[in-house]
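> Show me the folded form of this:
(chains A and B)
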Amino acid sequence: MENKIEVRNFNFYYGDFQALIDLNVPIRANQITALIGPSGCGKSTFLRGLNRMNDTIRSARAEGEVLLDGKNIYDPDVDVVDLRQRVGMVFQRPNPFPQSIYNNVAFGPRVLGMNKTNDLDQIVTESLQGAALWDEVKDRLDQPALELNPGQQQRMCIARTIAVRPEVILMDEPCSALDPVATLHVEDLMRRLSEKYTIVIVTHNMQQAARASDWTGFFWLGRLVEFNETTELFTNPHESLTESYITGRQG
Amino acid sequence: MSTFDEAPVSWQEPQKDAPPARRNWSELIIETLIRLAGISAVVIITLIFLFLLKEGAPAFMQVPITNLLSTRWYPIEDMFGLIPLLVGSLLVTIGAVAIAVPLGLTTAVYLGEFAPPWQREILKPVIEVLAAIPSIVLGFLGWVALAPLIQGAGAPTGLTAFTGAIILAYMSLPTIISITEDALYAVPREYRDGALALGATQWQTIWRVTLPAARSGIVIAVMLGVGRAIGETMAVMLVTGNAANIPQFGLGAFFQPVRTMTATIAAEMGEVAQGSVHYSVLFAIGIVLFLITFLVNSLATRFIGGSARRRGGQI
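Model prediction:
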């Protein structure tokens, strides 16, 4: 199976503090990879390292390689703006811009220079359909996105992300602010999106990882303790630390 | 509104296990004091306006409206044309806004979005010191330093509307910069992250997300800055040349001497006989100023209210 992203000997520092220690992670193409572990174990930092969102933090520093289709994204000749169009991100709390639903979804295409109304209309429609939100909002695209409920907002943020046609979608605890029904909506959506996109999701919720992912990595204090197919990791963990965490005795 | 109607209920109808009576009394006293403080602003503004009206209204009865709307301000010969003063104020204010708003907004964006921490630590206090300079000192600077420059650049005199506009712009800059920067700071980090994660450049993020999200705060910043410019008197009096005539149309108008409404009141109030026509006309100018400020503020409030509604109630 093909690796979309290959992380090699990756270390990450906030000032003097080393947040990630010598990580080696394969991210399979068109599969859902879940990252689990206790708060502060570095899984979100790792996720933000995959599209260099950590660049916005001044004291942060990365070492090692993150190969996207074989090309290290930390090479000096890589354009970060370009990278983030290929590797999109959905955040923990839904973060619609204080603008209309249409303008939110059209934001990415517009910054890419798309101006024609017809093209934008089509891409907004397709993206909202792709995010399973079209039927709920098609009659009120000019309404403020902040009037949607949190579950709809999060699906709109997913629509906004797929509107730029990324190759990889990173999701940072996308359901932690949502109720159980909205959570199931998003999980169904992830499953369908994985046909076209490679998905990496950070989650606090082990049932979610077990339900919705193909591969799972378990992080502990900045290290990757175990990485395996999800069914294998949850039914037959090789490390005792993984076992005690997924059974709730540790963490 | 509703707090005024509902507030008394909490102490007039004590609940079953009510606190001791003494605490009710202290609650009552504190509530009354707070309410008085709240109402006092409205009362004082109403009183000020009534006073202005009382002193200024005779002007509108004793001076024919054609005289007030004429283009000559020459009180000794009973010529009370307000137009030159209005034009003077307008020129100086528009000039100040045209200089201060772009400069202030870009400075705030630089401070808030681009500047590394050590530069912020130097720039912010310096800008705040600028706000602490007494306006008359700025006016003096304009007179000794700026006016000769402008005259040297070819204007007939250095004391012009443009000179006043520059001084006023620098007077309102600290307000515009620091309030805009606060507004930018209040924009949630999630908005910026969201835009960056979609592949927007830093400038696209600022222009399309951060600035629109901070819009209501920026409008307040500009309004407060403009408010300072319209009301400023002494510095303007020093550097605008105090000639109550209407400059010729065109961009050249900024490079001719003008006289503002505020400067007129300040300069002539000491010389008029109380109760004379001239005296009432000076107060009438005050009424006009009051109405202009009121109008500007209401427009700003409406603008902010509108944008808040469009955003689903969030400011």
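> So which residues of chain A form strands?
A:3-14, A:17-28, A:32-36, A:60-68, A:71-72, A:87-90, A:168-172, A:198-202, A:215-220, A:223-229 (DSSP state E).
> out of those strands, which comes closest to chain B?
Closest to chain B of the strands of chain A is strand A:87-90 (C-beta to the nearest C-beta; 3.9 Å). For every residue, glycine as well, the C-beta is placed using N, CA and C.
> hmm, that closest one in reach of chain B?
Yes: using C-beta under 8 Å from any C-beta of the partner chain, we find that strand A:87-90 touches chain B at A:88, A:89.
> so what secondary structure elements neighbour that strand?
Secondary-structure packing of strand A:87-90 (3 or more C-beta pairs under 8 Å, 6 or more residues apart in numbering or on different chains; DSSP states H and E): helix A:150-162, strand A:168-172, helix B:189-197.
> redo that, cut-off 10 Å
In terms of contacts (3 or more C-beta pairs under 10 Å, 6 or more residues apart in numbering or on different chains; DSSP states H and E), strand A:87-90 is packed against helix A:150-162, strand A:168-172, strand A:198-202, helix B:189-197.
> in chain B, what secondary structure element scores lowest on mean pLDDT?
The helix or strand of chain B with the lowest confidence, counting by mean pLDDT, DSSP states H and E, is helix B:2-6 at a mean of 44.
> domain ranges for chain B?
For chain B, automatic domain parsing gives the domain ranges B:2-62, B:82-310.
> Out of those domains, indicate the one that is most buried.
Among these, ranked by average contacts under mean count of other C-beta atoms under 10 Å in any protein chain shown, first place goes to domain B:82-310 (a mean of 19).
> before we move on, the earlier item: which one, of the helices and strands packed on strand A:87-90, ends up nearest to residue B:143?
Among the helices and strands packed on strand A:87-90, helix B:189-197 comes nearest to residue B:143, with 44.5 Å by C-beta to C-beta.
> touching chain A at all, that closest one?
Yes: among the residues of helix B:189-197, B:189, B:190, B:191, B:192, B:193, B:194, B:195, B:196, B:197 lie within reach of chain A under C-beta under 10 Å from any C-beta of the partner chain.
> quick one: residue A:10 and residue A:49 touch, right?
Yes: at 6.9 Å, residue A:10 counts as touching residue A:49 under the criterion of C-beta atoms under 10 Å.
> any common contacting residues for the two?
A:20, A:23, A:62, A:64, A:66, A:74 (C-beta atoms under 10 Å, 6 or more residues apart in numbering or on different chains).
> Show me what the fifth one bridges to in the sheet.
The reference is to residue A:66. residue A:7 (DSSP bridges).
> How many residues are close by it?
Residues lying near residue A:66 (other C-beta atoms under 10 Å in any protein chain shown) number 25.
> Do any residues in the helix or strand containing residue B:180 lie close to chain A?
Secondary structure from DSSP states H and E places residue B:180 in helix B:161-185. No: residues of helix B:161-185 contacting chain A under C-beta under 10 Å from any C-beta: none, with a closest distance of 13.0 Å.
> Up against chain B, what does the stretch 151-251 of chain A have?
By C-beta under 10 Å from any C-beta, the residues of the stretch 151-251 of chain A that approach chain B are A:157, A:160, A:161, A:163, A:164, A:166, A:170, A:172.
> Could you work out the most separated pair of those?
Across these, the longest distance by C-beta to C-beta is 18.8 Å; it joins A:163 and A:172.
> Report the central residue of chain B.
In chain B, the centroid-proximal residue (C-alpha atoms, centre = their mean) is residue B:227; its distance is 0.7 Å.
> can you pull the contacts of that one?
By C-beta under 10 Å, 6+ apart, the contact set of residue B:227 is B:172, B:175, B:293, B:296, B:297, B:300.
> and the closest residue to chain B within the stretch 151-251 of chain A, how many neighbours does it have?
Closest contact between the stretch 151-251 of chain A and chain B, by C-beta to the nearest C-beta, is at residue A:164 (5.7 Å). For residue A:164, the count of nearby residues is 22 (other C-beta under 10 Å).
> need the contact list for it.
Counting by C-beta under 10 Å, 6+ apart, residue A:164 has contacts A:84-86, A:88, A:107-109, A:111-112, A:114, A:123, A:127, B:197-200.
> give me that answer again for 8 Å
Shown in contact with residue A:164 (C-beta atoms under 8 Å, 6 or more residues apart in numbering or on different chains): A:85, A:88, A:108, A:109, A:112, B:198, B:199.
> of these, closest to residue A:233?
Nearest to residue A:233 among the contacts of residue A:164 is residue A:88, at 26.0 Å by C-beta to C-beta.
> what about that closest one, neighbour count?
Using other C-beta under 10 Å, residue A:88 has 26 neighbouring residues.
> same question, residue A:71
By the measure other C-beta under 10 Å, the count of residues near residue A:71 is 12.
> Touching, it and residue A:78? I think so.
Yes: using C-beta atoms under 8 Å, residue A:71 is in contact with residue A:78, at 7.4 Å.
> the more surrounded of residue A:10 and residue A:49?
When neighbours are counted by other C-beta under 10 Å, residue A:10 and residue A:49 differ, and residue A:49 comes out ahead with 25 against 21.
> OK, contacts around the more buried one?
Residue A:49 neighbours (C-beta under 8 Å, 6+ apart): A:10, A:12, A:20, A:62, A:66.
> Just put those residues in JSON lines and tack on distance to residue B:242 and pLDDT.
Shown next, in JSON lines, are the contacts of residue A:49 (distance: C-beta to C-beta, whole Å; pLDDT from 0 to 100):
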{"residue": "A:10", "distance to residue B:242": "71", "pLDDT": "95"}
{"residue": "A:12", "distance to residue B:242": "66", "pLDDT": "94"}
{"residue": "A:20", "distance to residue B:242": "69", "pLDDT": "93"}
{"residue": "A:62", "distance to residue B:242": "64", "pLDDT": "91"}
{"residue": "A:66", "distance to residue B:242": "69", "pLDDT": "94"}
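> Closest to residue B:278 out of those residues?
Nearest to residue B:278 among the contacts of residue A:49, counting by C-beta to C-beta, is residue A:62 at 75.3 Å.
> Just list the residues touching the closest one, thanks.
For residue A:62, the contact set (C-beta under 8 Å, 6+ apart) comprises A:10, A:11, A:12, A:13, A:49, A:54, A:74.
> could those go into TSV alongside distance to residue B:159?
Formatted as TSV, those follow (distance: C-beta to C-beta, whole Å):
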residue	distance to residue B:159
A:10	67
A:11	66
A:12	62
A:13	60
A:49	61
A:54	56
A:74	60
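> From residue A:103, how far off is residue A:81?
Look at residue A:81 and residue A:103: by C-beta to C-beta, to the nearest Å, they are 20 Å apart.
> So between those two, which is more surrounded?
residue A:103 (21 against 16).
> pLDDT score for the more buried one?
On pLDDT, residue A:103 comes in at 95.
> What backbone torsions are found at the nearest residue to it once chain neighbours are set aside?
Here the nearest residue to residue A:103 in space, its sequence neighbours aside, is residue A:97; by C-beta to C-beta, 6 or more residues apart in numbering or on different chains that works out to 7.3 Å. The phi/psi pair for residue A:97 (degrees, to the nearest 10) reads phi -70, psi 150.
> Surely residue A:97 and residue B:191 touch.
Yes: with contact defined as C-beta under 8 Å, residue A:97 counts as touching residue B:191 (5.9 Å).
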